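In: The sequence and its predicted three-dimensional model are supplied below.
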Amino acid sequence: ETKLMDEKEKNHIRDIEELLHSFAEALSIAIDERSPYNGDHTRRVAGYTQTLIDFINKEHDEGRCEIYFDKTHSTQLVLAAYLHDIGKLAVPVTILNKSSRLGERTQKIRERMRLLRAYWEIDFLKGRCTDKEYKKAISDIDEMMARVRKINDKPELDNEDIAYIESIKDKQYISEKGKKFFYLTKYEVDCLTIRHGTLTENERLLIQQHAELTQKMLDKVNFRGSYRQLAIWAGNHHEYLDGSGYPNGLKADELSVESRILTIVDIYDALTSKDRPY
């Protein structure tokens with residue numbers, strides 16, 4: 001009878017683990033489907049984690065490594081890999097999907113430039129500006145749109161690009177009634193002065209918050225026993241050995257092997273993916 005009870009208990013535990021794993025896989029689909037630039041990232045990270053675990057165990061079996069992952073430990077770490085980016089569910093899609101410096105703002109700038117052209121034409125027709133002033137204003141608008149389009153799509157900006165945006169950041173049109181219309185908003189100026197990538201500093205900070213959110217969300221799950229560390233492993237996947245990572249700036253002696261493995265595979269996937277514009 002005791003043996004039968006033990007077998008039922010084992011089956012119950014196995015059923016729970018399978019349920020957790022399938023739920024984590026379902027969440028990974030939700031995470032990756034939110035953005036075409038996340039693609040299959042979560043599932044690739046889980047696969048790489050298992051590959052690295054298998055390699056570590058092989059090294060252990062051949063006497064070259066002290067670390068060993070038994071089946072339960074391995075399952076737990078792969079589960080953490082599936083959940084490591086769950087915090088991205090709270091990151092705005094406009095940031096996750098921002099494939100250029102301006103993102104969705106490009107169309108707004110085009111519309112604003114058409115409006116400014118119309119304002120200048122009205123001023124000219126009503127005699128509020130000279131022919132020379134009108135032609136200069138239209139020429140400036142056309143040049144600005146051409147430069148903005150070019151800067152928006154460049155992989156990396158040089159000093160000349162930055163200097164040009166700085167030179168026009170305060171440019172404005174003043175209506176007959178004294179109302180001011182800036183050619184570019186402060187946010188657009190911030191975007192157009194990003195030297196590399198597509199995210200402003202504030203947007204990058206929002207993206208980085210996903211690691212802290214991952215741990216907060218997983219802390220709400222009633223993990224028990226050896227599963228208690230799962231939230232910490234997943235939440236620390238952007239911490240680096242020298243303390244330059246986030247969200248807590250932890251250093252080598254504060255990071256578990258499990259967190260280091262997740263960091264390694266996450267970086268590897270980021271470096272080898274072609275769908276990460278930021």
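Out: Yep, that arrived.

In: what about the strands in the chain?
Out: Using DSSP state E, the strands of the chain run over residues 172-174, 180-182.

In: Turn those into TSV, including mean neighbour count and distance to residue 231.
Out: All C-beta atoms are positioned from the backbone trio N, CA, C, and that covers glycine. As requested, the strands of the chain are arranged in TSV below (neighbours: other CB atoms under 10 Å; distance: least, CB to CB, whole Å):
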stretch	mean neighbour count	distance to residue 231
strand 172-174	13	50
strand 180-182	12	45
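
In: Which of these sits closest to residue 39?
Out: Across those, the minimum distance to residue 39, taken as CB to CB, is reached by strand 180-182, at 37.2 Å.

In: what does the closest one contact?
Out: Under the contact criterion CB atoms under 8 Å, 6 or more residues apart in numbering, strand 180-182 has outside partners 112, 115-116, 119, 170-175.

In: Show me which of these are buried.
Out: When neighbours are counted using 16 or more other CB atoms under 10 Å, the contacts of strand 180-182 contain these buried positions: 112, 116, 119, 173.

In: Could you count how many residues lie near residue 80?
Out: The burial count assigned to residue 80 is 29, neighbours taken as other CB atoms under 10 Å.

In: out of the strands of the chain, which comes closest to residue 46?
Out: Minimum separation from residue 46 across the strands of the chain (CB to CB) falls at strand 180-182, 46.9 Å.

In: The closest one pairs with which strands?
Out: strand 172-174 (antiparallel) (DSSP bridges).

In: gap between the partner strand and the chain center?
Out: Between the centre of strand 172-174 and the centre of its host chain there is 36 Å, according to CA atoms, centre = their mean, to the nearest Å.

In: okay, which residue is most central for this protein?
Out: Geometric centre of the chain, nearest residue: residue 207, 4.5 Å, by CA atoms, centre = their mean.

In: Pretty sure that one sits against residue 201.
Out: No: assessed by CB atoms under 8 Å, residue 207 is found out of contact with residue 201, at 10.8 Å.

In: that older thread, any chance of the strands of the chain in a markdown table, plus mean pLDDT?
Out: What follows is these, written out as a markdown table (pLDDT from 0 to 100):
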| stretch | mean pLDDT |
| --- | --- |
| strand 172-174 | 95 |
| strand 180-182 | 94 |
